[in-house]
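# Need the 3D shape of this:
(2 chains)
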Amino acid sequence: MTDPFSIELLTNYLLVGAALFALGMLGFIARRNLIVMFLSAEMMLQGVALSLVAFGRFHGNWSGQIFTIVILTIAACEASIALALIVVLYNRRSSLDVTVWQDVREPGIEPVDVAAEARGAVLATDADGTETYPTLTPAGVEPAHPIRPWTERRR
Amino acid sequence: MGFFVSNIWLIPLLPLLGGLTAGFLARRIKLDPFIPVAVGVGLAFLLSLGAYASADAERSVLVSRWIQAGSFVVPVEFRVDGLTTLMLSMVTFVSTLVIVFASGYMHGDPSYPRFFAFIGLFVFAMTGLVLSNNYILTYVFWEGVGVCSYLLIGFWYARPAASAAAMKAFMINRVGDVGFALAIFWLWAVVPNHDLSYQNVLAESTLHGLPEAAKWGIPLLLFWAATAKSAQLPLYVWLPDAMEGPTPVSALIHAATMVTAGVYLIARSMPLIALSPDVQLLIASIGCATALLAALIALTQTDLKRVMAYSTVSQLGFMFMGLGAGVGSVARLAVVAAIFHLFTHAFFKALLFLASGSVMHAMGDVIDMRRFGGLRRRLPYTYMTFAVGALALAGVFPMAGFWSKDEILLALESAPHAAEEIHFAAGWAYGLIYWLAMFTAFLTAFYTFRAFFMTFWGPEKLPSPDDPEAPPALDHAHDHHHGHDHVVTGDAAHGHHEVGVESGPIMTYPLMILAVCAVGVGVLFGPTHLLAGHLEHTLGFESLPEGHPEFSWFSAIVSTIAALGGIGLAYAMYAVPSEAPGRLARSLKPLYRASMGKFYVDELYQATVMKLVLGLAAASRVFDVKVVDGLVRGVAGAPWAAGREVLAKYHNGLIQFYAAASALSVAVLLWLLLFT
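Sure, this is the predicted structure:
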């Protein structure tokens, strides 16, 4: 019985994987929103994982799959750390724009003025009002919160 | 194999353990540090006697495998043959006596435990040296005795003269070690299986298979090594300076044992050396020149220990004359003669040195013979034993020195004839060497008894600081001649002993035992052929041609006349204070001053070799600072400059820029990999 997973099928998988990877890379380079950049990076990872799975299937062994599982695990850990970092960064500047973090550069080099939004960003400690967090659309029923809900803390 | 052979490794191990105990443990467990060393070395002596009885030419004991790299194996293997066991017994016996003597001599020195730790280490290295069954292990212990010599010459390291002498000894020995190392490399390249064990290198099949160049090159390199360790021309200059060390060290290391390592090496390699009569003649000539030069220098030295040092150099020259005389059919006779002289010399020279030490001890660390005299009543035991040692050194019948010196002279006498037999054209030179050796024997008797009469005869005189010869109180740290009558520091630390009083029994008993040996070993081992018979059990010696050794009345009578003549002359000139030595010195002023100044060999070295070495060192320093350091700094500076000038501009803090740059780089790399 011949293996139905032919070289043509593999090529298709690889094309999809490459497309995912390329799209992710483009997104990472072109977007400035920290969360979107992170999602793009995850997309690159998925493109690679897809290629690995396809190769594993093509060679008729499990190593590709195993490798992918490992990658997914690592990616999950990475996501938690990255999102925590993003929250911290947002708290510092009240903005998700990555260009406000140009401080880590060689002394004597002018910062690149990317957007007016970056200029407007101020240190969270300098801004008046209460502490704020990045928001997503709320869903479901809001729990009875012991502390003030985030909607009210929003400036 | 008996107990003594299979446990031969205990012989080096026990002194080592003794030394370690003395150095690290003795004070903590309230034990006199000399006890563990004396016990260790004493036990090693007893074991050596056992091994002596079971010596055999083919006997060797594998202790462990040290280096194993492919087919190249260096085992720690000990040889138990005639030469080895003879050396072992001699070394451990003399060491035991010297250690006992030193426990009295060094008493009160703040570094007392360190001294005995070093002595233990030395006996370990020396026994290992004579036990080793291959050239590489011999080399290791060869270096080991060198290190111990360095440590013990510089024992009073706070004294500049002592540390300079230690450094000098070490450096000059390094020069010789280069020769040894080269010899080992060459041997490794030419012997079958790269096996450097003695039974392989000295096997007849190996010796026949050697390339022509190696047949004279390797003996020459081995002799080069021996000239440094055994203080021969032109590398003898370290030994007289080595007298800066404590006197027991001079007796043990720089007279009886370590300096004979070179003689041992040549004797051990005799089948190899005997391949090249030219090298043998060179060995005999160098030995002769050294013996004569050292004897001439010893004539005028005023420092008792220094006279003994030059006498050691001279006697080592005799041993090399003996080894060099072994051409053709004399080979076995000559090597036995040299080893016999080595053997007897160890006893009487250790005796003379220890007696000098006893004098020095009694004189409050003054060793300049002009500052004391007529000590025979004050130091009766030292006087008697010194007399025995001096007679032995002078070669008077029936002392030890007479028999061994006579054998060397006999070998030299038969050498021209043997050289003729093997068609060696330059054999006539041995005749010249024979007469020069005879003359040196005369000089030896003279300078030995000059020292003897100056020290023990004449009106009694004890050192006082008012002497014209006494060194000025402060400004003599740089003074070579009186390096050790340093009263301000150094020696003053050891043995506070009343001036002019005989040393205690712990120091006089070893002297007496050695005196008995100096009388007895010659007649016991020489005419009875005990030593020659024992040495027959040595690897390779049975293949040496056995000549027809016959006691030569001619040599014996002439050498006795020479010795008695020397003694008589010394008696006439020095037994009672007279004007004769002064008048003679004035009439031969240039010669006298040259001898007094040690023929300016040190100055010659200073002006030539040292200049060259210092110049090379300065040039190397410039090369190191400018070229090597410059290269390193340049390599380190290049990325730094590139980063600052070029890459820093792109470090702008924009993540997207970095990501785009790396994506682009990967793309370029991929393109290069896939499409070129």
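
# do you know how far the residue nearest the centre of chain A is from chain B?
Centroid-nearest residue in chain A, with Cα atoms, centre = their mean: residue A:38, separated by 1.5 Å. To chain B, residue A:38 is 11 Å away according to Cβ to the nearest Cβ, to the nearest Å. C-betas here are computed from N, CA, C, even on glycine.

# Name the nearest residue to the residue in the stretch 501-650 of chain B positioned nearest to chain A, sequence neighbours excluded.
Ranking the residues of the stretch 501-650 of chain B by distance to chain A (Cβ to the nearest Cβ) places residue B:648 first, at 4.5 Å. Leaving aside its sequence neighbours, residue B:648 sits nearest to residue A:106 (Cβ to Cβ, 6 or more residues apart in numbering or on different chains; 4.5 Å).

# do the same with residue B:415
Nearest non-adjacent residue to residue B:415, counting by Cβ to Cβ, 6+ apart: residue B:430, 3.8 Å away.

# hang on, the earlier thing: if you count neighbours, what's buried in the host helix or strand of the residue nearest to the centre of chain A?
Taking DSSP states H and E as the criterion, the element that holds residue A:38 is helix A:34-59. Buried residues in helix A:34-59, counting neighbours by 16 or more other Cβ atoms under 10 Å in any protein chain shown, are found at A:34, A:37-38, A:40-58.

# who are the neighbours of that helix, in terms of helices and strands?
Under the contact definition 3 or more Cβ pairs under 8 Å, 6 or more residues apart in numbering or on different chains; DSSP states H and E, helix A:34-59 sits against helix A:7-30, helix A:63-93.

# Highest mean neighbour count out of these?
Among the helices and strands packed on helix A:34-59, judged by mean count of other Cβ atoms under 10 Å in any protein chain shown, the one packed with the most neighbours on average is helix A:7-30 (a mean of 15).

# Residues contacting that helix, please?
Outside helix A:7-30, the residues that touch it by Cβ atoms under 8 Å, 6 or more residues apart in numbering or on different chains are A:36-37, A:39-51, A:53-55, A:57-58, B:656, B:659-660, B:663.

# where's the helix or strand hosting residue B:225 relative to the chain centroid, distance-wise?
Taking DSSP H and E as the definition, residue B:225 sits inside helix B:212-229. Centre-to-centre, helix B:212-229 and its host chain are 17 Å apart (Cα atoms, centre = their mean, to the nearest Å).

# Ok, stretch B:204-218 next?
28 Å.

# Quick check: closest non-adjacent residue to residue B:263.
Going by Cβ to Cβ, 6+ apart, residue B:263 has residue B:319 as its nearest residue, at 4.6 Å.

# One more: residue B:442?
residue B:562 is the one closest to residue B:442 (Cβ to Cβ, 6+ apart), at 3.9 Å.

# The one you found and residue B:426, how far apart?
Separation of residue B:562 from residue B:426 (Cβ to Cβ, to the nearest Å): 26 Å.

# since we're on residue B:2, how many residues are nearby?
11 (other Cβ atoms under 10 Å in any protein chain shown).

# Sorry, slip of the keys, the one I care about is residue B:39.
A count of nearby residues for residue B:39, using other Cβ under 10 Å, gives 17.

# so is it in a helix, a strand, or just coil?
Using DSSP: H, G, I helix; E, B strand; the rest coil, the structure places residue B:39 in helix.

# got the contact list for the closest residue to it other than its chain neighbours?
Counting by Cβ to Cβ, 6+ apart, residue B:39 lies nearest to residue B:18, which is 6.3 Å off, once chain neighbours are set aside. Taking Cβ under 8 Å, 6+ apart, we find residue B:18 in contact with B:36, B:37, B:38, B:39, B:40, B:41, B:116, B:120.

# is it true that the fifth one touches residue B:17?
Yes: A contact is recorded between residue B:40 and residue B:17 when judged using Cβ atoms under 8 Å, the distance being 5.7 Å.

# For the two, list the residues in contact with both.
Joint contacts of residue B:40 and residue B:17 (Cβ under 8 Å, 6+ apart) are residue B:120.

# who has more neighbours, these two?
residue B:40 (29 against 18).

# Which pLDDT does the model give the more buried one?
Listed pLDDT for residue B:40 reads 93.

# Comparing residue B:562 and residue B:426, which shows the higher neighbour count?
For residue B:562 versus residue B:426, the count of surrounding residues by other Cβ under 10 Å is larger for residue B:562: 24 against 14.

# Secondary structure element for the more buried one, which one?
helix B:553-574.

# Check which helices and strands the very next helix or strand once past that helix is in contact with.
Toward the C-terminal end, the helix or strand that comes next after helix B:553-574 (DSSP H and E) is helix B:580-587. If contacts are counted by 3+ Cβ pairs under 8 Å, 6+ apart, helix B:580-587 sits against helix B:553-574, helix B:589-596.

# taking the ones you listed together, which one is wrapped up most tightly?
Note that of the helices and strands packed on helix B:580-587, helix B:553-574 is the most buried (mean count of other Cβ under 10 Å), with a mean of 18.

# then that one to CSV, C-alphas only?
Extracted in CSV, the C-alpha atoms of helix B:553-574 (Å, rounded to 0.1, in the frame of the first residue of the first chain):
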residue,chain,number,x,y,z
TRP,B,553,103.1,-1.7,40.1
PHE,B,554,104.4,1.2,38.0
SER,B,555,101.2,3.2,38.4
ALA,B,556,100.8,2.3,42.1
ILE,B,557,104.4,3.3,42.9
VAL,B,558,104.4,6.5,40.9
SER,B,559,101.0,7.6,42.3
THR,B,560,102.1,6.9,45.8
ILE,B,561,105.3,8.9,45.2
ALA,B,562,103.1,11.7,43.9
ALA,B,563,100.8,11.6,46.9
LEU,B,564,103.6,11.4,49.4
GLY,B,565,105.5,14.2,47.5
GLY,B,566,102.4,16.4,47.7
ILE,B,567,101.9,15.7,51.4
GLY,B,568,105.6,16.3,52.0
LEU,B,569,105.6,19.6,50.2
ALA,B,570,102.5,20.7,52.1
TYR,B,571,104.2,19.7,55.3
ALA,B,572,107.3,21.7,54.5
MET,B,573,105.3,24.8,53.6
TYR,B,574,102.4,24.8,56.0
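
# now that helix against helix B:580-587, angle please.
Interaxial angle, helix B:553-574 versus helix B:580-587 (axes from the mean of the first three to the mean of the last three Cα atoms, to 10 degrees): 100 degrees.

# got the contact list for helix B:553-574?
Residues from elsewhere that reach helix B:553-574, judged by Cβ under 8 Å, 6+ apart: B:394-397, B:402, B:405-406, B:409-410, B:413, B:438-439, B:441-450, B:452-454, B:457-458, B:580-581, B:584.

# rewinding a little: the helix or strand hosting the residue nearest to residue B:263 to helix B:212-229, inter-axis angle?
Using DSSP H and E, residue B:319 sits in helix B:304-324. Angle of helix B:304-324 versus helix B:212-229, following the same axes, to 10 degrees, is 160 degrees.

# could you say what helices and strands the helix or strand following helix B:304-324 packs with?
Next helix or strand after helix B:304-324 toward the C-terminus (DSSP H and E): helix B:331-362. On a contact count with 3+ Cβ pairs under 8 Å, 6+ apart, helix B:331-362 meets helix B:82-105, helix B:247-251, helix B:261-268, helix B:304-324, helix B:380-394, helix B:400-421, helix B:505-525, helix B:530-535.

# Now render these as TSV, adding mean neighbour count and mean pLDDT.
TSV is the format used below for the helices and strands packed on helix B:331-362 (neighbours: other Cβ atoms under 10 Å in any protein chain shown; pLDDT from 0 to 100):
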stretch	mean neighbour count	mean pLDDT
helix B:82-105	27	91
helix B:247-251	30	89
helix B:261-268	26	92
helix B:304-324	29	92
helix B:380-394	24	91
helix B:400-421	26	86
helix B:505-525	21	88
helix B:530-535	19	84
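
# out of these, nearest to residue B:630?
Closest to residue B:630 of the helices and strands packed on helix B:331-362 is helix B:261-268 (Cβ to Cβ; 43.7 Å).

# Mind exporting the C-alpha coordinates of the closest one to PDB?
Only the C-alpha atoms of helix B:261-268 are listed here, as PDB (Å, rounded to 0.1, in the frame of the first residue of the first chain):
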ATOM      1  CA  ALA B 261      74.600  11.400  38.700                       C
ATOM      2  CA  GLY B 262      76.400  12.400  35.500                       C
ATOM      3  CA  VAL B 263      79.000   9.700  36.100                       C
ATOM      4  CA  TYR B 264      76.200   7.300  36.700                       C
ATOM      5  CA  LEU B 265      74.500   8.200  33.500                       C
ATOM      6  CA  ILE B 266      77.600   7.700  31.400                       C
ATOM      7  CA  ALA B 267      78.400   4.500  33.200                       C
ATOM      8  CA  ARG B 268      74.900   3.200  32.700                       C
END
